[in-house]
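Colleague: following is a predicted model, sequence given first.
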Amino acid sequence: MLKKDLAKALHISASMVSRLAKLGMPTDSVAGARRWRECNLETGRMKDVRIGRASAAPATAPRDRLTVAHAREEVEALMAAAGRTLRAGQKIDAMVPLLRSLLRAIPPAERAPIGLDFDVATVLVADVLALLPPRETDPLNEDRTPVYTSNHGEDADDLGKFWYQVAAGEIVVNRERAEK
């Protein structure tokens, strides 16, 4: 999408689109840009809202359902774009805050069907991965099976939930504690 077209759809200048893109706003879709702006800008700083052209759903609409549906679409689109970016040898640092925000927007009960790109997920969970012991020293479960290779159904579900929370930024590394 051209920046001038995105600027027109958002009712902002093309230079503002460029500034926001440098801060991490996606520029491949109007919906993605709007979602990013809702999550990352103060409402009073958005021109649409100040002049009454906001495209947000009416207050009476079931906002949580709309948010989940939009977040799901945006996670999939942004996850694919981030994966392509990584595979092209570039960093995705600017995309990480929006990815985390969108992942958090999806309620825990509705997270299971969401697929995370492995390369992108590895970036999102890098802080926690760095704290794990090397694979050679794979710790064991109570039943003496390796923790990392356990495929018990319940254990796998719990691990999936844990890593999703880490990717979403709901579980973060306490640097002071980790260093002790």
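Modeller: Ah, there it is. Numbers count the residues shown, from 1 in each chain.
Colleague: residue ranges in this structure under the pLDDT threshold?
Modeller: Applying pLDDT under 70 to the chain flags the ranges 42-67, 135-139, 146-155, 175-180.
Colleague: in it, which spans are strands?
Modeller: Taking DSSP state E, the chain contains no strands at all.
Colleague: quick one, helices of it?
Modeller: 3-10, 14-22, 30-40, 47-50, 63-87, 96-105, 118-124, 126-129, 153-168, 175-179 (DSSP state H).
Colleague: okay, these in TSV with distance to Arg144 and mean neighbour count next?
Modeller: Any C-beta I mention is one placed from the backbone N, CA and C, and that applies to glycine too. Listed next are the helices of the chain as TSV, based on distance: least, Cβ to Cβ, whole Å; neighbours: other Cβ atoms under 10 Å:
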stretch	distance to Arg144	mean neighbour count
helix 3-10	56	16
helix 14-22	51	15
helix 30-40	45	19
helix 47-50	58	15
helix 63-87	36	17
helix 96-105	34	20
helix 118-124	28	18
helix 126-129	24	14
helix 153-168	13	15
helix 175-179	27	8
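Colleague: let me have those in CSV, adding distance to Glu142 as columns.
Modeller: As requested, these are exported to CSV (distance: least, Cβ to Cβ, whole Å):
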stretch, distance to Glu142
helix 3-10, 54
helix 14-22, 49
helix 30-40, 41
helix 47-50, 54
helix 63-87, 34
helix 96-105, 31
helix 118-124, 27
helix 126-129, 22
helix 153-168, 11
helix 175-179, 24
